[in-house]
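**Q** Curious how this folds, go ahead:
(one chain, ligands or ions: 1)
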Amino acid sequence: METIFQELIDKAKEARANAYAPYSKFLVGSALITENGKIFTGCNIENVSLGLSICAERVAIFKAVAEGIKDIRAIAVIGDTEEPCTPCGACRQVMIEFAPDMKVVMANLHNKIKIKKARDLLPDAFKG
Ligand code: THU
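**A** Next up, the predicted model:
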């Protein structure tokens, strides 16, 4: 595994500490690296109006896009799951929008890791 992937997992774990998830109590962290080496992090942020909640991955991606960067090389996601934490369908569609070839590094707290390309996580994605 590329050393940068472990670094992303570590950053995602740090970001997970900021998760605001009083409703689900499921804390998620994410960190991405752009093609030119910039790192953006995210955590899930819930709301009492539950549908307004947003996943950690989308927070990290939207932070990068808001800074004018869309070429994402890899994104890590970590949660307290038995198997590596996998992104939801909505996040997969958002990943594909910006960088279908980005590597998605899925991890759990016990260092179980799985890596796939975003495009392979959502076959036949909606293209409009
Ligand atoms: N969640 C994420 O942040 N990322 C995922 O990949 C899966 C789900 C969040 C959304 C919600 O705040 C909580 O986890 C439970 O679904």
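
**Q** In the chain, what residue spans correspond to strands?
**A** Under the criterion DSSP state E, the chain contains strands at 28-34, 39-43, 72-79, 103-108, 113-117.

**Q** closest one to residue 97 among the ones you listed?
**A** Nearest to residue 97 among the strands of the chain is strand 72-79 (10.5 Å), distances taken as C-beta to C-beta. The C-beta positions use only the backbone N, C-alpha and C, and glycine is treated the same way.

**Q** which strands and helices sit next to the closest one?
**A** Contacts defined by 3 or more C-beta pairs under 8 Å, 6 or more residues apart in numbering; DSSP states H and E place strand 72-79 against helix 3-16, strand 28-34, helix 56-66, helix 89-98, strand 103-108.

**Q** who's in contact with the residue nearest the centre of the chain?
**A** For the chain, residue 57 is the residue whose C-alpha lies nearest the centre (C-alpha atoms, centre = their mean; 3.0 Å). The contact partners of residue 57, by C-beta atoms under 8 Å, 6 or more residues apart in numbering, come to 28, 30, 42, 75, 77, 87, 91, 94-95.

**Q** Let's see that with 7 Å instead.
**A** By C-beta atoms under 7 Å, 6 or more residues apart in numbering, the contact set of residue 57 is 30, 42, 75, 77, 87, 91.

**Q** again, but for residue 47
**A** Neighbour list for residue 47: residue 53 [criterion: C-beta under 7 Å, 6+ apart].

**Q** Would you check how far apart it and residue 53 are?
**A** Per C-beta to C-beta, to the nearest Å, residue 47 is found 6 Å from residue 53.

**Q** confidence score at residue 1?
**A** Looking at residue 1, its pLDDT is 82.

**Q** if we can go back for a sec, could you dump the strands of the chain to a markdown table with mean pLDDT and mean neighbour count?
**A** A markdown table is the format used below for these (pLDDT from 0 to 100; neighbours: other C-beta atoms under 10 Å):
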| stretch | mean pLDDT | mean neighbour count |
| --- | --- | --- |
| strand 28-34 | 99 | 27 |
| strand 39-43 | 99 | 22 |
| strand 72-79 | 98 | 25 |
| strand 103-108 | 98 | 23 |
| strand 113-117 | 98 | 15 |
